[in-house]
Every structure is written in C-alpha cells, then in structure tokens.
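S.K.: Pasting a predicted model and its sequence here:
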Amino acid sequence: MKHTISVLVENRFGVLSRVAGLFSGRGFNIESLTVAETEDAAVSRMTIVTRGEDRIIEQINKQLNKLIDVIKVVDVTAEEHVERELLLVKLNAEEKNRAEILRMVEIFRGKIVDVSAKSYTVEISGGDRKIEAFIEMIRPLGMQEMARSGKIALPRGTGSSISKAKKPKSGG
Amino acid sequence: MKLKGAQIVVESLIAEGVDTIFGFPGGAVLPLYDALYGSKLKHILVRHEQGAAHMADGYARATGRCGVALVTSGPGATNTVTGIATAYMDSIPMVVLTGQVPVGLIGNDAFQEADIVGITRPCTKHSYLVRDVNDLARTIKEAFYIATTGKPGPVLIDLPKDVLNATAEFEYPKTVSLRSYNPTVEGHPAQVKRAFEAMKQAKQPVLYIGGGMILANASAELVKFAQKTVMPVTTTLMAMGAYPSRDELFLGMLGMHGTYAANMAMHECDLMVCLGARFDDRVTGRLDAFAKTCTVIHVDIDPTSISKNVPAHIPVVADLLDVMKKLNALADKDSFDWDDKHRLWLTRLAEWKSIYPLRYEKSETGIIKPQFVVEQAWEAAKGRNPIWTTEVGQAQMWAAQFLQFDGPRTFLSSGGLGTMGYGLPAAIGAQAAFPGRLVVNIAGDGSIQMNIQEMITAVQYGLPVKTVILNNGVLGMVHQWQEMFHGKRYSNSEFAMNPDFVKLAEAYGAVGMRITKVADVRAALDEAYKIDKPVLMDFVVEKEEKVFPMVPAGGTVKEMMLL
Ligand SMILES: Cc1ncc(C[n+]2csc(CCOP(=O)(O)OP(=O)(O)O)c2C)c(N)n1
Ligand SMILES: [Mg+2]
C-alpha cells in the first residue's frame, strides 16, 4: 500500500543524503520525495511517498527515527491530513487544441502560466488522483513536457508538529 | 581560553577521559599531530589505518569505553572504512577522527580529498564535517555521547585542516542537547511484567542472548536471573562470555555452527526470550521454519531490530541492564517453583547435550587437529584471566566452540561483518587497555596475513599479544563450502605458498614458533604465554578438518549436519 510519510529533520548539511541513502541501502522504494524549510528555519520537512507491506513501512518509520538528524516521523496516511502536489505541463497549443485545453484547465481549476506561439504551460495542484486524471485527459492533446513537484502534506488541526515533537533531552 | 582547533581536539579528548588513541599521520592532520606532541594522550602509531580502527574497536570491546582512531584525509580515511563497518555491524562505541582538506578546497578534487562522510554514511551511527572551529568542542561532545549511548556505534568526525589551525574560545560542554536523539533507556514496567508472566507460563523456555547483553554490561544480572529461574541459556557468537561456559544451564552457541542442544532448544521451546540479539540469518536459518510454534519475547535497545526478521509477541525497547534489573526484582519477590516447572525440559536438554556434545575425532595420523590446539590454548590460559580475539573463518568458529569463558568482554570477534584481519589489531587494542593480561588471537593462516603489519606495532609498544595460527594452508571456511556445496572444486582457496611465519615473526622482532607434533602443542603454549613479548605460533594443522555441527545457509535445524 502507498504511504505518505512526513519527516521533520534538522536543516543541516547532508541530511537529504542520509535519508535517501537509507532508502537505497535498504532497498525501500521512493515514489516521490520533497524537502524544504518549515516555519522554523532550523527544521526542514521531507515528505516521502513510498509503497510496501506493513512490515516494511514499520521498518521505514523506525529506521528514519533512528537517524540522528531526524526529529519526528509521522505516517500521515493513518491520520487526518491534507496533501497536495503541483503539476506543470507544457502542451501543444495548436489552433484546434486551444479551446479544449482552456476547458480542461477550467474544469480542473488550473492556470495557464506561460504562453508561446506553439505551447501553453499549465499549472494544476491537487491530490494525486486529480493530477493523474488531468494528465490522462490532456495527454491525447499532445504534451511536450511535464514536471511534478512530488507530494507535500500537513496534518489537519491546530498547531505545529515541530513544537509538538519531543523536547530536547540532555545527557552526557 | 583561546585555543587552536587542533588543541581543542586534544583537550576535548582528555576531557572525555580518553587515555590512548590509535592513529597514523598525514598532511591534513599535521596540526593535530603537532598538538599531540608532548600532550598526555598516549598515541599508538599503527602501520595501516585499518589497524588503527580495529585497535580502537578492540580497546572498546575489552573495556566498554569508547575507542578512538585518528587518521589523515583521503587514503588515510578510506583505509579505515573496513574497521568502521566492522564496529558498526557489532555496535561498538568508537570515534574516528579524519583529517580533511581545507574547507575552501572541499569538492575540488583536491590532493588527498575523499568524501569520507559520504563514503561511511551507511556504516556509521552518525558523522560530522566540522566547518567552523567554534563548533568543534560541541561536536566532539556530541560524537562521544552518540557513540556510547543507546545502541552504541562508530561516529566519524571529519576535520578540515584550516579548522584545526583556526582559533576559538574553548570550554568543553558539560551536557549535550539533541532534540532529535533520545535513546530509550527504561523498560516499560508493564511490558516487563508481561514478559515475566509469560516466563512463568512457559514449560520449555530458552534465553537467547546476544551481544547487547555485553554492551549493556548486564551479564551479572543475566547470570543471577537465569539461575534464579532455572532457564537454559544459549548465546550468539557476539555474546560469548555473557554467561559462564561451564555452567549447567549453558547450552553453548547457537546458529549455523552452534551446538545441537542450543539449536534444538530454539526449535522445541515454547518461549523464546531474546535478550539483545537480532535474529541474524546465521542464527535463524530459513525464517519460515524458525520460531513458528513458540512465543517470542524480544528485548532490544534498537526498535528497528524488533520484529524485523521475527515478529515479537512481547516487544520491549529498552536498555538491557534496566530490564534485567527489573526482571530480577520480579523474580526475587516471587516464590514460583521454577525448578519444578522446568525439570522435564532440563532433563531433555541435558540428554541432547550428552548425546551430541561438541566433538572432533582425535588425530590418528599424527597431524594436529585445530580443535585440539584451541582446547589446549584455553587449558594453558587457565588462571591467567585471558582475553581472546579471533580472525574469521574456521579458526574463529573453533574458538567459539572450544574455548570456555568465565565473563564478558573476554571474547572479541568480528561477528556482523566477519572481517578477516580483525583479530591481531583488536588484540593489540585490548592489550593496550590491559597491559598485564594475557591476550590471545586465534587466527587462520589466511586472515593473519591481512593485518600482519601490526606485529611491529605490538613489538614497538611492548604489547605482548599471542597469536595462535591454525595453519591449514587453506582458506578453510571457503574450502569447506567448496567441498560441501561446490563439488570439491577448490577454486582459489588453497595457498600454494605461505610465508615462513617463524621468520616473519623474527623479522618483526617478535618470537616465532612452529609446532607440527601433537605432543608439542601444550608445551609450546605454556612457553609462549610466559614470554613477555609478542609471539606468533604457527600450528601446522589438518587441512581437511571441517566445522561441525553445521546448519547450511538458509536451512533448518532438521538439516543440521553433525560430525
Ligand atoms: C576481508 C575478508 N575477505 C574475505 C572473507 C571471506 N572468508 C571468510 S572465511 C575465509 C577463509 C579464512 O581463511 P583462514 O584465515 O586461513 O581461516 P580458516 O578458515 O582456514 O581457519 C574467507 C576468505 C572474509 N570473511 N573477510
Ligand atoms: Mg586457513
């Protein structure tokens, strides 16, 4: 089954390679991975979409937690959450296509963000079903290239996951 | 106090209580070697950086303290990788300091630049590249804390040359504050109680002990608990010494080359109590035939070990020392009649032990049997409080089978990675920690050549390690597999030539002995143990000897081959 895992990490040099290396080294699959700063500049959020049996997902969660730079791991699939992905797609904008493209963009509540003599670049955001449905509808019209951002997600409700994460403990 | 980065490193190590480090200099770490000059840290100059890493590891296993290795950038750093991976697989606390090119040159393919943080990422518990001298002391504090707490492991600190030369205000931090690292320590009392109740229900329990018991310094608690509850004990290779070998409840090592009794106990038990082990494939064999009918209790400090290979019915994530103390407290309060409950089971186990003990055929040809050498090495060491190390291969397995142990931290062996070349430097590391004890490396003729250069280190520093080479002229373990599973096609496992080990020892300034007769074995060992210098003993042994019992890789207890 597909899981969306949200990982709060220290915003430090080399963290991405630790996480990516964990997945490749242990043969876990990554469908998408996004990473960027959060409301706290010292913390980044990674959103990883992966697939696997429950046992594997449990290992992924535990292995991520074991990394020293990982502050918190939440498998948001199991919780109330919102998730979005951004799609940019460049379409053949021939005379006969244009009206259909505009209609699709309207139905999917997208935007045309760039226009040239022979192409329209369209922006769509939403859950993966919506994105995939759009791609399917638009493909026959002639697609030049596309880019997907990978999924990002946040838990529903009030508050910040960072402040809810474990407090620093001191030792040594 | 303002100090140079290099001095900060030295002062920080001293503040951590480090007394000995193992290393080898080079351009990038010259400032650090300059700071060492005249400092009170003892530095042991190795002959190959792999040796430094294994020595730090051997020092750590023997003492329980963090080992420290220091090497230069590039080739110095890459030479430590096998040593780091060895420590990582066996969860050994170690800090490895590597030099690095100046910050401004990183990424430039500069002379002797290697991305050692990247190279070792999968085999370190954590690693740092220090870019600012102001972070140096805190980083070292964190590194030691991470290496020694939770599930221990090696931590690497990469030190650019300009950082070592820069100055900063020095004050060694007293505490560490890491919001992202909280090693779980205490066992949940209710969960420990559940485990204890399950033990009371069991008719046929077995305590399956791993290296975690030694790492947690909980062996004494284990002995107390096993004896109170009269539960039989088997240990992994990593846990040899966690339970006294000669105790009645001890079944010996389990797994691929484990005893019949230990493997049968694991197969027939109704309760498997796994304490600080991780169900490695060398222990379980084929997973779908392992632990199918018993309840599994699994205590481990590492949550990723739990239910990774074998699902645990009662998982406890905790430090074993804490859990063992809690279990002992429960057992002390309880008047349960363990003897009565386990009598039948123990009778069966005793039968298995007596019908299928570890054994080998005595020599008829006059050629020395390797197992006999190991037995004698142990006999001769009685009363000398020995520490044993091993190389890897048949010799290692015979050491685990035929040596006997009275306490923890006396058997140092590369289990997880199985690193040939580990034993000699590890012995030197242990001897550096305990100059007065007898330290013996049980080696194969192949493995000993992998870090033989460290003989001179032992001689130079007056570390009188003893090496017992079981010289069968072959890569015995490979040879055994080729005989059994590859139709005796001995591809590249026979040494057409070996060096003259006696002359080699002498060239290093050590003592060399060659023993070819059964009758001379004991006398040679007795003599060697008395010599206050490193000794290399070349025992010429039977080439065709195999390690038994053996459960073939991926097999089940049913396929166990006995002698
Ligand atoms: C560094 C390394 N290379 C290769 C191996 C594979 N290997 C395992 S046991 C063994 C044979 C070891 O031969 P020797 O040291 O003579 O010991 P013996 O088995 O003969 O007792 C080999 C090659 C290994 N474990 N480590
Ligand atoms: Mg050999």
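M.R.: Sure, I can see it. Numbers count the residues shown, from 1 in each chain, chains lettered A, B, ... in the order given. Ligands and ions are numbered 1, 2, ... in the order given.
S.K.: from here on, contacts and neighbour counts on C-alpha atoms
M.R.: Will do.
S.K.: Quick check: chain neighbours aside, which residue is closest to residue 112?
M.R.: Reading this off chain A. Nearest non-adjacent residue to A:Ile112, counting by C-alpha to C-alpha, 6 or more residues apart in numbering or on different chains: A:Val122, 4.5 Å away.
S.K.: try chain B instead
M.R.: Nearest residue to B:Gln112 in three dimensions, chain neighbours excluded: B:Gly74, at 4.3 Å (C-alpha to C-alpha, 6+ apart).
S.K.: Quick check, that neighbour in contact with B:Ala114.
M.R.: Yes. Using C-alpha atoms under 8 Å, B:Gly74 is in contact with B:Ala114, at 4.6 Å.
S.K.: List phi and psi for whatever residue of chain B ends up closest to chain A.
M.R.: Residue of chain B nearest chain A, by C-alpha to the nearest C-alpha: B:Arg179 (3.7 Å). Phi and psi for B:Arg179, reported as degrees, to the nearest 10, are phi -70, psi -20.
S.K.: Next one: it from A:Ile71, what distance?
M.R.: Computed as C-alpha to C-alpha, to the nearest Å, the B:Arg179 to A:Ile71 distance reads 7 Å.
S.K.: Neighbour count for those two, which is higher?
M.R.: With neighbours defined as other C-alpha atoms under 10 Å in any protein chain shown, B:Arg179 and A:Ile71 compare such that A:Ile71 has more, 26 against 18.
S.K.: Now do the SS call for the more buried one.
M.R.: strand (DSSP: H, G, I helix; E, B strand; the rest coil).
S.K.: With the one 3 residues further on instead?
M.R.: Using three-state DSSP, the three-state assignment for A:Val74 comes out as strand.
S.K.: and the stretch 301-450 of chain B, which of its residues are near ligand 1?
M.R.: B:392-395, B:418-420, B:444-447 (C-alpha under 6 Å from any ligand atom).
S.K.: Can you say which two of those are spatially most distant?
M.R.: Farthest-apart pair in those is B:Gly418 and B:Asp445; separation 15.7 Å (C-alpha to C-alpha).
S.K.: Pick out whichever of the two has more residues nearby.
M.R.: A direct count of neighbours by other C-alpha under 10 Å for B:Gly418 and B:Asp445 places B:Asp445 higher, at 25 against 16.
S.K.: The more buried one and B:His486, how far apart?
M.R.: From B:Asp445 to B:His486 the distance is 22 Å (C-alpha to C-alpha).
S.K.: what's the answer for B:Phe495, then?
M.R.: The value you get for B:Phe495 to B:His486, if C-alpha to C-alpha is used, is 18 Å.
S.K.: Skipping its backbone neighbours, what lies nearest B:Pro311 in space?
M.R.: Using C-alpha to C-alpha, 6+ apart, the closest residue to B:Pro311 is B:Val296 (7.5 Å).
S.K.: What ranges does the stretch 351-500 of chain B have for its strands?
M.R.: With strands called from DSSP state E, counting those that start in this stretch, the stretch 351-500 of chain B shows them at B:387-390, B:411-412, B:439-444, B:466-471.
S.K.: mind putting the ones you listed in JSON lines, mean neighbour count, distance to B:Tyr490 and mean pLDDT included?
M.R.: Converted to JSON lines, the strands of the stretch 351-500 of chain B look like this (neighbours: other C-alpha atoms under 10 Å in any protein chain shown; distance: least, C-alpha to C-alpha, whole Å; pLDDT from 0 to 100):
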{"stretch": "strand B:387-390", "mean neighbour count": "28", "distance to B:Tyr490": "24", "mean pLDDT": "98"}
{"stretch": "strand B:411-412", "mean neighbour count": "29", "distance to B:Tyr490": "30", "mean pLDDT": "98"}
{"stretch": "strand B:439-444", "mean neighbour count": "30", "distance to B:Tyr490": "18", "mean pLDDT": "98"}
{"stretch": "strand B:466-471", "mean neighbour count": "27", "distance to B:Tyr490": "17", "mean pLDDT": "98"}
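S.K.: who touches stretch B:444-458?
M.R.: Stretch B:444-458 has contacts (C-alpha atoms under 8 Å, 6 or more residues apart in numbering or on different chains) with B:44-48, B:50-51, B:391-396, B:420-425, B:428, B:464-465, B:469-475, B:498, B:505, B:508-510, B:534.
S.K.: does it come close to ligand 2?
M.R.: Yes. Contact of stretch B:444-458 with ligand 2 (C-alpha under 5 Å from the ion) involves B:444-445.
S.K.: Just the buried residues of that stretch, please?
M.R.: Buried residues in stretch B:444-458, counted by 16 or more other C-alpha atoms under 10 Å in any protein chain shown: B:444-458.
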